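>>> Sequence first, then the predicted structure, then my questions.
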Amino acid sequence: MNYDEYIDIVVNSSVEDWNVIGCGGMDGPSYKSKFEFYEVWNGIQVVLTEESHSAYAVYKKDIAISLAFGITIAEEFEENWVKESFHDFDPHASLRIVDLFFL
């Protein structure tokens, strides 16, 4: 499978095509994490922080394809397309990471 085929499967899939597993709390960690190193963080020297995705999903038709999602990049995300597309709903948006995996 090449990159374009993989992206096409993900983009054209539906919610029902995925087995979604919640992570965190009683469900356990996703082990799909983002690490950041700081020389100084909140007055403490040499700090490594970790944030884990809050959900993991496996594509039911091909379990070699999976997604991990939930890590926050920015709580406030403002773009014109958000306001235009969701003006009848809540126009507030945040920016999150989705990692795509193929084993």
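Perfect, thanks for sending it.

>>> Where do the helices of this structure begin and end?
For the chain, the helices defined by DSSP state H occupy 3-11, 80-85.

>>> so which of these comes closest to residue 99?
The minimum distance between residue 99 and these falls on helix 3-11, with 11.4 Å, by C-beta to C-beta. C-betas here are computed from N, CA, C, even on glycine.

>>> now the farthest one out in the protein, which residue is it?
In terms of distance from the mean C-alpha position of the chain, residue 43 ranks first, at 29.5 Å (C-alpha atoms, centre = their mean).

>>> Would you mind listing where this structure has pLDDT under the threshold?
For the chain, the stretches with pLDDT under 70 are 24-28, 87, 91.

>>> In contact with the most centrally placed residue in it, which residues?
Centroid-nearest residue in the chain: residue 69, 2.1 Å away (criterion: C-alpha atoms, centre = their mean). Residue 69 is in contact with 53, 54, 55, 57, 96, 97, 98, 99, counting by C-beta atoms under 8 Å, 6 or more residues apart in numbering.

>>> what about the second one, how many residues close to it?
When counting by other C-beta atoms under 10 Å, one arrives at 19 neighbours for residue 54.

>>> got a list of what the residue nearest to it when sequence neighbours are not counted touches?
In space, and not counting its chain neighbours, residue 54 is closest to residue 70: 3.2 Å by C-beta to C-beta, 6 or more residues apart in numbering. The contact partners of residue 70, by C-beta under 8 Å, 6+ apart, come to 23, 30, 52, 53, 54, 55, 96, 97.
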